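Asker: Make a model of this:
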Amino acid sequence: GNRLQGSIPFVFRLLPSLSYLDMTNNLLSGAIPDLEHLESLEFLSLAKNSLTGQIPRILPSNLKELRLNENNLNGGIPSEIGNYQQLGHIDLNGNRVLGGTIPSELGNLSLLHTFEVVSSSIVGSLPTELGNLEKLRTLTLSGNKIVDRLPTEFGNLENLEILDLKFNFFNGTVPSSLGQINSLHTLLVQFNFFTGAIPSELGNTREIKHFYFDWNRFTGKLPEAICTKVKYPDALQVDCIVECSCCKGCSNTLIKEDNCRVLARSCENKTIIGSDG
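Answerer: Here you go, the predicted model:
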């Protein structure tokens, strides 16, 4: 950053041939101006500023990468974002008052490979249309207020590598359809309200780097099919109530430590994480 202050300069709107605009990490404030006249713009980063107001409903038509993270934007994610078919990367992380739901129109972005909106007060449930994003590799939605079940259509995300849903209000079971994603190596669902058994189909992935299921309401036994794909000692985390033959530790959530050995043999000889005595 160059410690630029004030509003975004109007002069940028007069540069129709501009293809790359990076104003990351400055002291810019005010609303994002109308940028639709920047017809050649492919990369736009206004990250790490103090911008307010809403995400523009009209964007440069050829935009491929949009980084608006760590600002003070509000008003939700506009449904019109689904009109920009060239978008491959969207980062809205850290807009703590952004709010609103994830629009179903996002599922129209056939080239989208990265979508990040962490700690941005997103509410509601996830639209099933997100399952249309066949190019998607990274989806990070942690630290929001998203509710309801994880759509079974997520099993269609055949190139997904990272799915981060931690610190939300998801419930129900984890869909077995996620086992169709052979590329999935990082699944973070801790600190939610998921229930039922962890599906054995998740063992279909090629490699497990981080599968964290703890601080939920899972029961039963972690499938051995998952254990066979573990490459790192800390790759798996579960609650103490879940029996696990390959876990190095367990999180003491639903039960107290003194009952852990009685209710879950998986806790024997393992570290108790988050014990309250």
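Asker: Verify the stated contact: S19 with S40.
Answerer: Yes - S19 sits in contact with S40 when judged by C-beta atoms under 8 Å, with a separation of 4.9 Å. In this view, the C-beta of every residue, glycine as well, is placed from N, C-alpha and C.
Asker: Show the residue spans covered by the strands in the stretch 101-250 of the chain.
Answerer: Using DSSP state E, counting those that start in this stretch, the strands found in the stretch 101-250 of the chain span residues 114-116, 123-124, 138-140, 145-148, 162-164, 169-172, 186-188, 193-196, 210-212, 217-218, 236-239, 249-251.
Asker: Of all those strands, which one is nearest G203?
Answerer: For the strands of the stretch 101-250 of the chain, proximity to G203 was assessed by C-beta to C-beta; strand 210-212 is nearest, at 9.9 Å.
Asker: Let me see the contact set for F167.
Answerer: By C-beta atoms under 8 Å, 6 or more residues apart in numbering, the residues touching F167 are 142-144, 190-192.
Asker: any idea how far P199 is from it?
Answerer: From F167 across to P199, the span is 22 Å (C-beta to C-beta, to the nearest Å).
Asker: ok, back up a step: quick check: the farthest pair among the contacts of F167?
Answerer: Checking these against each other with C-beta to C-beta, the farthest-apart pair comes out as N144 and Q190, at 14.1 Å.
Asker: Relative to E65, how far out is the residue nearest to M23 when sequence neighbours are not counted?
Answerer: Residue nearest to M23 in three dimensions, not counting chain neighbours: L46, with 5.5 Å by C-beta to C-beta, 6 or more residues apart in numbering. Remark: distance between L46 and E65 (C-beta to C-beta) = 12 Å.
Asker: And these two? Which one has more around it.
Answerer: When L46 and E65 are compared on other C-beta atoms under 10 Å, the one with more neighbours turns out to be L46, at 22 against 17.
Asker: Hmm, that one is touching R67, no?
Answerer: Yes - counting by C-beta under 8 Å, L46 does reach R67; the two are 7.1 Å apart.
Asker: any shared contact partners between those two?
Answerer: Residues touching both L46 and R67 (C-beta under 8 Å, 6+ apart) are T24.
Asker: Tell me which residues touch the most centrally placed residue in the chain, please.
Answerer: The centre of the chain sits closest to T140, judged by C-alpha atoms, centre = their mean, with a distance of 1.3 Å. Residues in contact with T140, defined by C-beta under 8 Å, 6+ apart, are 93, 115-118, 162, 164.
Asker: now swap in N49 and tell me
Answerer: By C-beta under 8 Å, 6+ apart, the contact list for N49 reads 23-29, 70-71.
Asker: For the residues you listed, name the two members farthest from one another.
Answerer: In terms of C-beta to C-beta, the contacts of N49 reach their longest pairwise distance at T24 and S29, which sit 14.8 Å apart.
Asker: before we move on, the earlier item: quickly name whichever of the contacts of F167 is closest to G172.
Answerer: The shortest separation between G172 and any of these is 9.8 Å, and it belongs to N192 (by C-beta to C-beta).
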